[in-house]
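A.B. asks: Sharing a sequence plus its predicted fold:
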Amino acid sequence: MGQESKIQESVTLDGTFSRSPSRSPTKLTLRSSSRYSRYSKSRPRERSGSRSALLPPDEAQRRTVTIRIQPAGESGRKGIHLKRFFKICWLSTSRASRICNILWPVVPTAIAVTYSRTDLHLAIFVLNYLAMIPCANLIGFAGQEFARKLHKVFGVLVETTLGSVVEVVMFMVLVKNNQFQVIQAAILGSVLATQLLCLGACFVVGGIRHTELEFSPVVAEVGSDLLLTAGFGLIIPAAFFTAVKAAGNTDPEIVSEKVLNVSRITSCLLIISYFVYVYFQIRTHESIYDAIFEEEENQELEDELEEKEKLTFTECILALSIAITLVTIIAINLVEHIEFIVRERGVSDSFIGLILVPVVEKFAEHLGAIDEAWDNQMNMALAHVLGATIQTSLFNGPLVVLVGWVINKKMDLNFDLFNIIVLILGILVVGNFLRDSKSNYLEGSLCVIVYVNIAVAAFFYPNPVEQD
């Protein structure tokens, strides 16, 4: 009524654009939001190239979407709708993730027992350990929803970063409580759990459903090179300590001080390497990764006629805020009772650091990668597995050293010989399996067996004798 009409764009099923009067210049009308969606499994494309061949009939209805949000992450809603929010979070991404959500009642139970029965150390540790699983799963799911709203390659990096929030929180709580040996084991344990247990499980699950798994040599080669660089950087302080100590002509306190300085400088260099890697992915070689991921998604074989609902941008922020707050509380409670488990129950620091802590902190990421391998999206699975490993070794681990430096904690990278050997052998095993850009359930089984062998050795590894 007297107002100047504005233009609204729409995409029709045949891929053409149309313009129509509208009062909202900030909205796009899109008929298909299934592009790039990992939820929907697309049917084989018709050779005619018709875009409508990929869409179910009910997708012809127009949906209001927001500018700058990728179609794969468009929810068609705004703000917060509590009923839908809880429903979507409960359904999560896969059946395995929904199983994790069954453990949500453990979360309030763990918090209540922690503050009401402080004498039940073992029960508090077990409950908080289990409570970490659904919280980590929510971080992984909300991070995945958030990442889909961003550009493809940048979204993968953001999803990997958010998946490491649990790990960063755990590391910070451990360093504050002077649990240096547990942190050192947890840094390497996180790398081993991701590249042996998770990658092995991906190969097994994917190999059972598909005879042979193929992935891009670009993703595998860059990941393997960075893993070797990270492994080399992480063992330098320990190699320096061993060499200087063997010489026997330097005071032990001076040696420790020099190792600390080497660790801090090495941490700075590793973090620089991580940022170079990020720049490589999202700036100079973005098109390579984008083409790889999109090509893989176009090769999916099945199509779900009903697209699953998605969280809005605001709901993603809300879910992440709730989950990160709960993870922080639970991590503090968990770490405070590690000393009891070590002293009273005889569990070694190496087993807690190498096995228990990494498994729970990486649980959500592992489930996501395994789900992608089941759908034969091996490039996506490999990107998440190698991305998480690289982030731990090049960023999260070195970050703990620098944070310790800031708060005057003598946290270094002087790993013991057992951890160093296990790390190098693990990197070599995975690099060898990735070399031909193909895999199967046999290689996956071998990776899992190697990890179980390491877990057994870590369980029987003796704690250092405390000196008065």
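C.D. replies: Sure thing, it's come through.

A.B. asks: Could you pull out the buried residues of the helix or strand hosting L122?
C.D. replies: Assessed by DSSP states H and E, L122 sits inside helix 121-148. Taking 16 or more other Cβ atoms under 10 Å as the basis for neighbour counts, the residues of helix 121-148 that come out buried are 121, 124-148. Glycine gets a C-beta too; all of them are placed from N, C-alpha and C.

A.B. asks: do the same with stretch 225-234
C.D. replies: Under the neighbour-count rule (16+ other Cβ under 10 Å), stretch 225-234 has 226-227, 229-231, 233-234 buried.

A.B. asks: Not counting its own residues, what contacts it?
C.D. replies: Residues from elsewhere that reach stretch 225-234 (Cβ atoms under 8 Å, 6 or more residues apart in numbering): 187-188, 191, 195, 266, 269-270, 273, 277, 386, 389-390, 393-394, 397, 413, 415, 423-424, 427, 430-431.

A.B. asks: hang on, the earlier thing: in CSV, list the buried residues of stretch 225-234 along with secondary structure.
C.D. replies: Compiled in CSV, those are given as follows (DSSP: H, G, I helix; E, B strand; the rest coil):
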residue, secondary structure
L226, helix
L227, helix
T229, helix
A230, helix
G231, helix
G233, helix
L234, helix
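
A.B. asks: taking the contacts of stretch 225-234 one by one, which sit in helices?
C.D. replies: With helices taken from DSSP state H, the overlap with those comprises 187-188, 191, 266, 269-270, 273, 277, 386, 389-390, 397, 423-424, 427, 430-431.

A.B. asks: Which parts of the protein are strands?
C.D. replies: Per DSSP state E, the chain carries strands over the ranges 6-11, 17-22, 27-30, 63-66, 213-214, 438-439.

A.B. asks: Mean pLDDT lowest where, among those?
C.D. replies: Considering the strands of the chain one by one, the lowest average pLDDT is found for strand 27-30, at a mean of 36.

A.B. asks: Point out where this structure drops to low pLDDT.
C.D. replies: Low-confidence segments of the chain, defined by pLDDT under 70, are located at 1-76, 93-94, 151-156, 160, 283-308, 465-468.

A.B. asks: that older thread, can you lay out the buried residues of stretch 225-234 as JSON lines showing distance to F203?
C.D. replies: As requested, the buried residues of stretch 225-234 are arranged in JSON lines below (distance: Cβ to Cβ, whole Å):
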{"residue": "L226", "distance to F203": "20"}
{"residue": "L227", "distance to F203": "17"}
{"residue": "T229", "distance to F203": "24"}
{"residue": "A230", "distance to F203": "22"}
{"residue": "G231", "distance to F203": "21"}
{"residue": "G233", "distance to F203": "27"}
{"residue": "L234", "distance to F203": "25"}
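
A.B. asks: Tell me the one of the residues you listed nearest M378?
C.D. replies: Looking at the buried residues of stretch 225-234 and their distance to M378, the nearest is L227, at 17.4 Å (Cβ to Cβ).

A.B. asks: how many other residues sit next to the nearest residue to I332 once chain neighbours are set aside?
C.D. replies: Using Cβ to Cβ, 6 or more residues apart in numbering and skipping the chain neighbours, the partner closest in space to I332 is V173 (5.4 Å). Neighbours of V173 under the rule other Cβ atoms under 10 Å: 19.

A.B. asks: Quick one: residues contacting V173.
C.D. replies: By Cβ under 8 Å, 6+ apart, V173 lies in contact with 328, 331-332, 335.

A.B. asks: Which phi and psi values does H337 adopt?
C.D. replies: Backbone torsions of H337, given as degrees, to the nearest 10, read phi -110, psi 10.

A.B. asks: hang on, it packs against H121?
C.D. replies: Yes: H337 sits in contact with H121 when judged by Cβ atoms under 8 Å, with a separation of 5.2 Å.

A.B. asks: Next, count neighbours for P108.
C.D. replies: Using other Cβ under 10 Å, P108 is surrounded by 11 other residues.

A.B. asks: any idea how far it is from I330?
C.D. replies: When Cβ to Cβ, to the nearest Å is applied, the distance between P108 and I330 equals 11 Å.

A.B. asks: Ok, D251 next?
C.D. replies: Per Cβ to Cβ, D251 is found 42 Å from I330.

A.B. asks: between the two, which one's more packed in?
C.D. replies: Ranked by neighbour count (other Cβ under 10 Å), D251 and I330 place I330 first, with 29 against 8.

A.B. asks: Hmm, the more buried one is touching A110, no?
C.D. replies: Yes: with contact defined as Cβ under 8 Å, I330 counts as touching A110 (6.6 Å).

A.B. asks: if I look at these two, which residues touch both of them?
C.D. replies: Shared contacts of I330 and A110, counting by Cβ under 8 Å, 6+ apart, come down to 128, 131.

A.B. asks: Could you turn the buried ones of the ones in helices among the contacts of stretch 225-234 into a ChimeraX selection?
C.D. replies: Below is the selection syntax for ChimeraX that covers the buried ones among the ones in helices among the contacts of stretch 225-234, with 16+ other Cβ under 10 Å defining burial:
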select :187,188,191,266,270,273,277,386,389,390,397,423,427,430,431
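
A.B. asks: And the nearest residue to K410 once chain neighbours are set aside, how close does it get to C198?
C.D. replies: Take K410 and drop its neighbours on the chain: the residue closest to it by Cβ to Cβ, 6+ apart is L260, 5.8 Å away. Going from L260 to C198 by Cβ to Cβ gives 32 Å.

A.B. asks: Give me the more crowded residue out of these two.
C.D. replies: Set side by side, L260 and C198 show unequal neighbour counts under other Cβ under 10 Å, the larger going to C198 at 30 against 19.
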